[in-house]
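Trainee: Compute the structure for the input listed below.
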Amino acid sequence: MNTSRLSAMIEAVLLDFDGVIVDTEPGFFIVWLRAAEQMNLSLPWTRESLFSGRDIASLRKQLKAHWGAQVDLEAFFALTTRLWMEWVQVEGLTVLTGVRELVFWLEQTRMPYALASNSTQAAIGQCLAYAGLTELFPVIVGRDQVDRGKPEPDVFLRAAGSLGVAVEHCLVVEDSYPGLLAARRSGARAVYVGAEQKLTEDMMQLSHACFADLSQLLVYLSKSRRRKLTASGTTDLC
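Mentor: Have a look, this model is predicted:
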């Protein structure tokens, strides 16, 4: 982990969506399993390995290698999208700890913020609606709005531009290796938010600080009224 003291002002916050705002992992894996079964296919991963920092490009590459070129990957992903929305309508989505409180604090301190995700803008919007969070996030950047998804920096660069803030002055909140790597490549500062057991050494190296959830991040930010983020003494995770 970068242990240097960061003195630059944080002027905006860019938040990942899946795993930071809502808990999507259980539903995603169920949906992927159902889609594979409907197409008489099998997945090459367990739930844990599926979400161990893979980006969509590597997932596609591994599926193609596992299933062969004769399988229509676009049909598979279209099916997962439809099944996902059906699953969410029935099961709902769990909003993760600290989301509403953090957004309230950002609004009160007039700090710009945006969602920057590898999901599509439409999928994010639908999930926000099901979770009752639509009004909290007026600025959303999805992977369908940029040329390259994470781990490339495009979504963060576009989100920062949408807020009118230099990306170097943005704090990225992520829970995955591709997202943290994308943040590093963009020039933004990044923190990891999520379960300690998901945190790898590579992710720690890309994170300026680590927090169990957004409520812990909020406690730290609220104590840093001058909007200065340091990498030392934040939590026991990193």
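Trainee: Point out where the protein drops to low pLDDT.
Mentor: 1-8, 47-55, 225-238 (pLDDT under 70).
Trainee: all strands of it, in order?
Mentor: Along the chain, counting by DSSP state E, strands occupy 12-15, 22-23, 94-95, 113-116, 140-141, 170-174, 189-193, 209-211.
Trainee: Tabulate these in a markdown table, adding columns for distance to residue 152 and mean neighbour count.
Mentor: (C-beta placed from N, C-alpha, C; glycine too.) Formatted as a markdown table, the strands of the chain follow (distance: least, Cβ to Cβ, whole Å; neighbours: other Cβ atoms under 10 Å):
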| stretch | distance to residue 152 | mean neighbour count |
| --- | --- | --- |
| strand 12-15 | 15 | 26 |
| strand 22-23 | 23 | 19 |
| strand 94-95 | 28 | 14 |
| strand 113-116 | 12 | 27 |
| strand 140-141 | 13 | 23 |
| strand 170-174 | 14 | 26 |
| strand 189-193 | 15 | 26 |
| strand 209-211 | 23 | 24 |
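Trainee: Let's have those in a markdown table, adding distance to residue 85.
Mentor: Putting the strands of the chain into a markdown table (distance: least, Cβ to Cβ, whole Å) gives the following:
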| stretch | distance to residue 85 |
| --- | --- |
| strand 12-15 | 22 |
| strand 22-23 | 14 |
| strand 94-95 | 16 |
| strand 113-116 | 18 |
| strand 140-141 | 17 |
| strand 170-174 | 24 |
| strand 189-193 | 26 |
| strand 209-211 | 30 |
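Trainee: between the ones you listed, which gets nearest to residue 132?
Mentor: strand 94-95 (7.6 Å; Cβ to Cβ).
Trainee: Which residues does that closest one contact?
Mentor: Strand 94-95 is contacted by residues 21, 22, 23, 131, 132, 133 when judged by Cβ atoms under 8 Å, 6 or more residues apart in numbering.
Trainee: show me the contacts for the residue lying closest to residue 169 once chain neighbours are set aside.
Mentor: Using Cβ to Cβ, 6 or more residues apart in numbering and skipping residues adjacent in sequence, the residue nearest residue 169 is residue 11, 4.1 Å away. Applying Cβ under 8 Å, 6+ apart to residue 11 gives the contacts 111, 112, 165, 166, 169, 170, 227.
Trainee: measure residue 11 to residue 88 for me?
Mentor: For residue 11, the distance to residue 88 (Cβ to Cβ, to the nearest Å) stands at 33 Å.
Trainee: Likewise for residue 101?
Mentor: 23 Å.
Trainee: So these two - more neighbours on which side?
Mentor: Neighbour totals were compared for residue 101 and residue 88, and residue 88 leads with 20 against 14 (other Cβ atoms under 10 Å).
Trainee: Report back the residue of the protein that's furthest from centre.
Mentor: residue 70 (31.6 Å; Cα atoms, centre = their mean).
Trainee: Got the domain ranges for the protein?
Mentor: 12-23+94-223, 25-91 (automatic domain parsing).
Trainee: Which stretch among those domains is buried most, on average?
Mentor: domain 12-23+94-223 (a mean of 20; mean count of other Cβ atoms under 10 Å).
Trainee: so how far does that one reach from one end to the other?
Mentor: The first residue of domain 12-23+94-223 is 16 Å away from its last residue (Cα to Cα, to the nearest Å).
Trainee: which ones are touching residue 171?
Mentor: So residue 171 contacts 10, 12, 13, 14, 188, 189, 190, 191, 229 (Cβ under 8 Å, 6+ apart).
Trainee: no wait, residue 14
Mentor: Counted by Cβ under 8 Å, 6+ apart, residue 14 has contacts 113-116, 156, 159-160, 170-173, 183, 188.
Trainee: The same query, at a cut-off of 10 Å, please.
Mentor: 112-117, 139, 141, 155-160, 162-163, 165, 167, 170-174, 179, 183, 186, 188, 190 (Cβ atoms under 10 Å, 6 or more residues apart in numbering).
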